[in-house]
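Asks: how would this look folded up:
(one chain, ligands or ions: 1)
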Amino acid sequence: MIERDIKEIIRNLGDISFEDKTVLVTGGAGFLGSWLCEVLVRQNAKVICLDNLASGLESNVSHLMHEENFKFVKHDISQPILFDEKIDVVMHLASRASPLEFDKFPIQIIKANTLGTWIALGIAKKHRARFLFTSTSEVYGDAEVIPTPETYNGNVNPIGVRGCYDEAKRAGEATCMAYMRQHDLDVRIARIFNTYGPRMRADGVYGRVVPRFIKQALNNEPLTIFGDGKQTRSFCYVTDQIEGLLRLTWFEEGKGEVVNVGNPIEVSVIKLAETIKKITNSDSPLEFHPLPADDPKRRCPDIMRAKKILKWEPKVEFENGLKKTIDWFKSLL
Ligand SMILES: NC(=O)c1ccc[n+]([C@@H]2O[C@H](COP(=O)([O-])OP(=O)(O)OC[C@H]3O[C@@H](n4cnc5c(N)ncnc54)[C@H](O)[C@@H]3O)[C@@H](O)[C@H]2O)c1
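Replies: Numbering: from 1, shown residues only. Down below sits the predicted model:
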């Protein structure tokens with residue numbers, strides 16, 4: 001199932017290929033990182049996957065371990081590391097990303113995005129490599145402008161429970177721009193909006209909303225909704241996201257750009273829950289819990305910049321992406 005999607009990404013990328021490039025992917029054993037590694041390996045790039053397995057799983061990349069052009073390095077990116085081989089591209093994804101992890105691991109999250117970004121930028125500087133930073137829609141906080149363009153500077157609470165993630169990503173972005181201004185490093189920043197698909201974890205603090213609802217629906221357990229469920233998110237299927245990230249890394253015009261990468265269709269959390277119940281044929285009730293502090297009310301990207309610079313927009317329809325993700329979760333049972 002994933003193999004078919006990987007082929008589809010490569011087809012959609014057309015002439016965009018990283019063949020013979022050496023690409024360091026930090027956070028490469030995570031959800032998005034493992035998809036990137038797999039596309040890059042199939043494009044015959046030399047891939048170094050660096051991960052400390054904080055929230056990622058070795059099983060996400062175990063099928064790549066025997067490939068000659070793939071290497072796994074277990075390492076915490078907030079600690080220094082040197083590479084002898086020439087690196088052409090650094091894609092810095094290493095960071096826990098689930099809201100339930102913000103409570104439990106705030107210091108690790110800050111370190112991965114501040115110290116970790118600084119160390120990853122240092123590697124790129126030494127090798128004169130191109131650098132992609134995976135930032136987040138969370139830098140906008142509880143946005144007052146919807147759809148939110150890249151020019152919106154954000155409405156973030158630095159001392160709230162989400163501050164460890166939002167503010168660390170904002171510091172990461174500032175560090176990238178400082179390296180570009182001071183060292184003329186070729187940096188690109190993707191502000192990723194909620195992305196879902198196979199290889200997301202559904203367990204414990206790692207379970208973000210889509211995999212959590214799917215697991216609950218398949219087990220006929222109540223779907224846990226925070227707040228009244230009227231808050232919106234926009235959900236991007238993983239193949240669209242990976243294509244967007246690779247396009248942003250590839251195009252010359254991407255240098256110094258910050259680009260929203262996400263699906264512009266806004267969906268309420270209730271609608272998400274009901275759609276998942278419908279597809280899984282589940283009788284699960286909806287169970288409402290208090291809304292966590294600083295939870296954004298609406299989230300929807302303005303993707304004009306991505307359309308213009310990356311010649312990209314999401315293609316996978318919401319229900320189709322959910323069906324594929326649900327099929328993948330069923331295949332694990
Ligand atoms: N998936 C989304 O919807 C989304 C949205 C916005 C931003 N992002 C960003 O994209 C990146 C990847 O997210 P994901 O959804 O794949 O999450 P993930 O948790 O599945 O992957 C993150 C990976 O980083 C690794 N990691 C964490 N800290 C590390 C450290 N200090 N050193 C080395 N490795 C470390 C984890 O073990 C994991 O494999 C993150 O930076 C995240 O902030 C993702």
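Asks: Buried residues in the helix or strand hosting I326, which are they?
Replies: For I326, the enclosing helix or strand under DSSP states H and E is helix 318-332. For helix 318-332, burial by neighbour count (16 or more other C-beta atoms under 10 Å) applies to F318, G321, L322, K324, T325, I326, W328, F329. All C-beta spots, glycine's among them, are computed from the backbone N, C-alpha and C.
Asks: from those residues, which are also near the ligand?
Replies: Restricting the buried residues of helix 318-332 to those touching the ligand (C-beta under 6 Å from any ligand atom) yields no residues.
Asks: and of those, the nearest to A112?
Replies: Minimum distance to A112 across the buried residues of helix 318-332 is 25.6 Å, recorded for T325 (C-beta to C-beta).
Asks: That closest one: what's its closest spatial neighbour, skipping adjacent residues?
Replies: Of all residues not flanking T325 in the chain, G197 sits nearest, at 5.4 Å (C-beta to C-beta, 6 or more residues apart in numbering).
Asks: who touches the one you found in this structure?
Replies: Neighbouring residues of G197 by C-beta atoms under 8 Å, 6 or more residues apart in numbering: D5, F31, W35, Y237, V238, T239, G321, K324, T325, W328.
Asks: ok, 7 Å please
Replies: Y237, V238, G321, T325 (C-beta atoms under 7 Å, 6 or more residues apart in numbering).
Asks: Now for the first one, how many residues are close by?
Replies: As a burial measure, Y237 scores 23 neighbours (other C-beta atoms under 10 Å).
Asks: how close does it sit to F31?
Replies: 12 Å (C-beta to C-beta, to the nearest Å).
Asks: Could you do L24 as well?
Replies: Separation of L24 from F31 (C-beta to C-beta) stands at 18 Å.
Asks: I10 now?
Replies: Between I10 and F31 the computed distance is 19 Å (C-beta to C-beta).
Asks: Ok, L223 next?
Replies: Counting by C-beta to C-beta - L223 and F31 are separated by 21 Å.
Asks: Who are the contact partners of F31?
Replies: Contacts of F31 (C-beta under 7 Å, 6+ apart): R199, M200.
Asks: confidence score at it?
Replies: You'll see F31 listed with a pLDDT of 98.
Asks: The helix holding I326 packs against which elements?
Replies: helix 209-218, helix 269-280 (3 or more C-beta pairs under 7 Å, 6 or more residues apart in numbering; DSSP states H and E).
Asks: Name the stretch among those helices that sits most buried.
Replies: Burial of these is given as mean neighbour count (mean count of other C-beta atoms under 10 Å); helix 209-218 ranks first at a mean of 23.
Asks: can you list the residues of this protein near the ligand?
Replies: 26-27, 29-33, 51-56, 76-78, 93-97, 112, 116, 134, 136, 192, 194-195.
Asks: Could you tell me which of those residues belong to strands?
Replies: Counted as lying in strands by DSSP state E, out of the residues of the chain next to the ligand, are T26, D51, T134, T136, I192, T195.
Asks: Quick check: closest non-adjacent residue to the second one.
Replies: Leaving aside its chain neighbours, D51 sits nearest to A29 (3.8 Å; criterion: C-beta to C-beta, 6+ apart).
Asks: just the fourth one next, same as before
Replies: Spatial nearest neighbour of T136, chain neighbours left out: K169 (5.1 Å); criterion: C-beta to C-beta, 6+ apart.
Asks: check contacts around that neighbour.
Replies: With C-beta under 7 Å, 6+ apart, K169 has these contacts: N113, S135, T136, E138, V139.
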